[in-house]
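S.K.: model this:
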Amino acid sequence: MVAIFAALLALAALLYTGVAIIALGRFRIRAMVAADNCPAITILRPLYGAEPGLADNFETLLTQDYAGPVQIICGVRDSDDPAIAIIGSLQARYRAAAIQMIVNPERLGANNKISNLHNMAAHAEGDIIIISDSDVALPPYALTRLSAALADPETGMASCFHGGLARAGFWSHLAAMDISYRFSPSVAVSAMIGLGHPALGPTMALRRETWESIGGFAPFANIIAEDYAIGRAVRALGLKSVIPGFCIAHGCSEQGITAMIGHELRWTRTIYGVDPVGFTGSLLTHPLPLSLLACALQPAYWPLIGIAVIARCTLAWRMDAIAGWSSGAKLLLPLRDLFSFAVFVMTFFVKRVDWRGQMLKIEPKGHISTIPENPA
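M.R.: Numbers count the residues shown, from 1 in each chain. As a prediction, the model looks like this:
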């Protein structure tokens, strides 16, 4: 009976993978939509350390083809952060660019990213506020398309479909593969069937009046899934969130198994905290491990393994076609899938996560609190 149940789960996961392949096939890099006007844009880019690809990622903000004025505000908490010098060298090369560096250690709550964004936002001048993580590279038309998406008065947020891009060797390739070949296809499925409410954290854009209506960043100071919470607040205003038809690069710089697993556990535990039912349902994004389990229980089910490998490779190739790059060698997919399944299982037992050296306790409904380094 157990073997039959495992086989049924594997079949359901294979069916889901087929749907994901179709969803990715329906995703198109859409033609440019000309906007009637180009409102002023402020890009908020929180920084932390000299991560691999930092300069290259930032330079994509400086080579946008957007016709309107663009203000770029960077933020760090410490005056000795090495990111300051890296951005300073780019400021010297792009003297015409409006770049500001804000150094402010003040904290609103446990979410350091939100505190950083809040400190930067006090200097924002644009009519559109774009939050773009430091590990993100944007195509040159990104600002134009985000602005065009927000030209619809019924749209309150636009966020970006993304693929993983390795920046630091073997483990970063495995990390990028999880983004491209597991997470992003699930976003495409949700968008296709209309069940999801896209609010993808690597790059999000809001009109200033929308951002002000949700209370700025302060309401999210103690929430780990700030992207999800901001999207929910936008929808509470009666506005929709959309994903324009293009893909951005989400850089991965993990240099070891500990860093990779720790980073992914923070993501998965975040998702589980805000949507436990949806996260549990993501079991179906693991067709190969489920097929291996079914075969271990009943060897006659071995064809499931071959079908799962073919399906996963097909999905990966389709995602590569959308992104324009490969996140990793397809020979690594079985290993990647086993790691992903292990992280999925571990998520149910994790109560605290490490976020850039800061230990956080996960509270109900995605809230967080800091854990003292030396608790009494």
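S.K.: Leaving out chain neighbours, which residue sits closest to A97?
M.R.: L62 (5.3 Å; C-beta to C-beta, 6 or more residues apart in numbering). No exception for glycine: its C-beta is placed from N, CA and C like everyone else's.
S.K.: Same check on M120?
M.R.: G75 (4.1 Å).
S.K.: Show the contacting residues for that neighbour.
M.R.: Taking C-beta atoms under 8 Å, 6 or more residues apart in numbering as the criterion, G75 is in contact with L44, R45, P46, L47, M101, I102, V103, N104, N116, L117, N119, M120.
S.K.: what's the average pLDDT for the helix or strand containing S89?
M.R.: For S89, the element it lies in under DSSP states H and E is helix 83-93. Averaging pLDDT along helix 83-93 yields 95.
S.K.: State the next helix or strand along the chain beyond it.
M.R.: strand 98-103.
S.K.: quick check: angle from that following strand to helix 83-93?
M.R.: Between strand 98-103 and helix 83-93, the angle comes out at 160 degrees (axes from the mean of the first three to the mean of the last three C-alpha atoms, to 10 degrees).
S.K.: can I assume D81 is in contact with P46?
M.R.: No. Using C-beta atoms under 8 Å, D81 is not in contact with P46, being 10.9 Å away.
S.K.: In terms of neighbours, single out the busier of the two.
M.R.: P46 (23 against 19; other C-beta atoms under 10 Å).
S.K.: what's near enough to touch the more buried one?
M.R.: Counting by C-beta under 8 Å, 6+ apart, P46 has contacts C74, G75, V76, K113, N116, L117, M120, D133, S134.
S.K.: list the helices and strands the helix or strand in which the fifth one is found packs on?
M.R.: It stands for N116. Here N116, judged by DSSP H and E, is contained in helix 112-121. Contact here means 3 or more C-beta pairs under 8 Å, 6 or more residues apart in numbering; DSSP states H and E; on that basis helix 112-121 packs against strand 41-46, strand 70-76.
S.K.: In the lengthiest helix in the chain, which residues are buried?
M.R.: Longest helix in the chain, counting residues (DSSP state H): helix 2-26. Using 16 or more other C-beta atoms under 10 Å as the test for burial, helix 2-26 gives 3, 6-7, 9-11, 13-14, 16-17, 19-21, 23-24.
S.K.: Can you pull out the low-pLDDT segments for the stretch 201-350 of the chain?
M.R.: By pLDDT under 70, the stretch 201-350 of the chain contains no weakly predicted segment.
S.K.: Walking through it, point out its helices one by one.
M.R.: Under the criterion DSSP state H, counting those that start in this stretch, the stretch 201-350 of the chain contains helices at 208-213, 226-236, 257-274, 276-281, 287-297, 303-323, 333-347.
S.K.: Same question for the last one: list its buried residues.
M.R.: Yep, that's helix 333-347 we're talking about. So for helix 333-347, counting by 16+ other C-beta under 10 Å, buried means L333, P334, R336, D337, F339, S340, F341, V343, F344, T347.
S.K.: Pick out whichever of those sits closest to Y272.
M.R.: When those are ranked by distance to Y272 (C-beta to C-beta), T347 comes first, at 5.3 Å.
S.K.: coming back round to it: just put the contacts of G75 in CSV and tack on distance to Y94 and pLDDT.
M.R.: Below are the contacts of G75 laid out as CSV (distance: C-beta to C-beta, whole Å; pLDDT from 0 to 100):
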residue, distance to Y94, pLDDT
L44, 18, 98
R45, 14, 97
P46, 20, 96
L47, 17, 96
M101, 14, 97
I102, 18, 97
V103, 20, 96
N104, 23, 95
N116, 22, 95
L117, 23, 96
N119, 23, 96
M120, 19, 96
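S.K.: List only those of those flagged as buried.
M.R.: Applying 16+ other C-beta under 10 Å to the contacts of G75 flags L44, R45, P46, L47, M101, I102, N104, N116, L117, N119, M120 as buried.
S.K.: For the stretch 51-200 of the chain, just list every one of the strands.
M.R.: Under the criterion DSSP state E, counting those that start in this stretch, the stretch 51-200 of the chain carries strands at the ranges 70-76, 98-103, 128-132, 136-137, 155-159, 161-166.
S.K.: With distance to K351 added, can I get the ones you listed in JSON lines?
M.R.: What follows is those, written out as JSON lines (distance: least, C-beta to C-beta, whole Å):
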{"stretch": "strand 70-76", "distance to K351": "30"}
{"stretch": "strand 98-103", "distance to K351": "33"}
{"stretch": "strand 128-132", "distance to K351": "28"}
{"stretch": "strand 136-137", "distance to K351": "29"}
{"stretch": "strand 155-159", "distance to K351": "29"}
{"stretch": "strand 161-166", "distance to K351": "27"}
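S.K.: Minimum distance to Q358: which of these has it?
M.R.: strand 70-76 (14.8 Å).
S.K.: Taking their axis directions, the closest one and strand 128-132 sit at what angle?
M.R.: Using the same axes, to 10 degrees: strand 70-76 against strand 128-132 is 40 degrees.
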